[in-house]
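Asker: Let me see the structure of the following:
(one chain, ligands or ions: 1)
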Amino acid sequence: QVENCKRQWSLQDFQIGKPLGKGKFGSVYLAREVKSKYVVALKILFKEQIEKYRIHHQLRREMEIQTSLCHPNILRLYGWFHDNERIFLILEYALRGELYRELRKNGRFSEKQAATYIASLTHALAYCHENHVIHRDIKPENLLLDHEGRLKIADFGWSVQSKSKRHTMCGTLDYLAPEMVENKAHDYAVDNWTLGILCYEFLYGAPPFEAESQKDTFRRIMKVDLSFPSTPSVSAEAKNLILRLLVKDSSKRLSLQKILEHPWIIKNADPNG
Ligand SMILES: Cn1ncc2ncnc(NCCc3cnc(NC(=O)Nc4cccc(C(F)(F)F)c4)s3)c21
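Answerer: Residues are numbered from 1 along each chain as shown. This next block holds a predicted model:
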């Protein structure tokens, strides 16, 4: 009979390899599906943690969202399974790991590399927004690189399927848009703000509103207290793009389409991602 496409996976189907990373709710391991020898990443979450923090609805939403998204710059969630105490996410394996390790290693990226990453992110976010998904938690830790150095957005644990405005407070401090900091209703434009934050961080090596305390970072975000250090020297076009994204009024932020048409992106981004 025809093999049912949504076959039930179990731990016996996989050989577990080296740990790839540790998260708050569980760890990720390299793994290989025994029959096909296909290499994946296996994220292991503990049910008792998921229940304790009452986030099972988020996990269900992530499954729905992630299994419906298919884009070269979005890390695939192939499926999932569970046993008595754990939930396993079967994920696409990104061989070159977390982008922020590259960023910390190099200090910062060249304008060509930064523009290529921003263009890939913009394509992925445009695809998400077309599918009514706001990621809301785009930060270097959630960006992975595959074997060709292509950027993959991962961890939709905080994303939402949104047709209306959202209120949930989430995400790390440095990347929060003003309307999220004020816990106001927010929409897709929060991801545009975050692109501005990341563009700055890729070029200067640190996010623009970094401060000693959370309070100071909040204050700097609310004031859009942005300054460009004299070193490293960054092109005027790059600064122009950052200034067009880090705008407090979310309706005035450059649209994803306009980012792809921006002179700095046209001039510097590698079209092959
Ligand atoms: C480090 N690394 N290196 C190579 C590599 N290749 C692939 N993946 C890696 N890492 C895993 C990336 C992730 C993708 N999707 C995730 N999803 C998630 O973590 N979801 C999640 C977690 C906790 C709570 C909730 C809940 F309940 F709130 F919804 C949801 S994590 C890799």
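Asker: What are the boundaries of the strands in the stretch 1-150 of the chain?
Answerer: 14-22, 26-33, 39-46, 77-82, 86-91, 133-134, 143-145 (DSSP state E, counting those that start in this stretch).
Asker: Packing partners of the shortest one?
Answerer: Strand 133-134 is packed against strand 160-161, with contacts defined by 3 or more C-beta pairs under 8 Å, 6 or more residues apart in numbering; DSSP states H and E. In this view, the C-beta of every residue, glycine as well, is placed from N, C-alpha and C.
Asker: Tell me which helix or strand comes right after the strand it packs on.
Answerer: Downstream of strand 160-161, the first helix or strand assigned by DSSP states H and E is helix 178-181.
Asker: Any idea how far that following helix is from the middle of the chain?
Answerer: How far helix 178-181 lies from its chain's middle: 18 Å, per C-alpha atoms, centre = their mean, to the nearest Å.
Asker: Looking at it now, give me its mean pLDDT.
Answerer: For helix 178-181, mean pLDDT rounds to 83.
Asker: which strands and helices sit next to it?
Answerer: helix 189-204, helix 214-223.
Asker: Mean confidence (pLDDT) on the shortest one, please.
Answerer: For helix 214-223, the mean pLDDT works out to 95.
Asker: what residues does it touch?
Answerer: The contact list for helix 214-223 (C-beta atoms under 8 Å, 6 or more residues apart in numbering) reads 173-174, 176-178, 181-182, 208-211, 225, 248.
Asker: just to revisit the earlier point, got CSV for the strands of the stretch 1-150 of the chain, with mean neighbour count, mean pLDDT and distance to the ligand too?
Answerer: Listed next are the strands of the stretch 1-150 of the chain as CSV, based on neighbours: other C-beta atoms under 10 Å; pLDDT from 0 to 100; distance: least, C-beta to the nearest ligand atom, whole Å:
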stretch, mean neighbour count, mean pLDDT, distance to the ligand
strand 14-22, 13, 94, 3
strand 26-33, 18, 95, 4
strand 39-46, 20, 96, 3
strand 77-82, 17, 93, 6
strand 86-91, 21, 95, 5
strand 133-134, 23, 80, 14
strand 143-145, 23, 95, 5
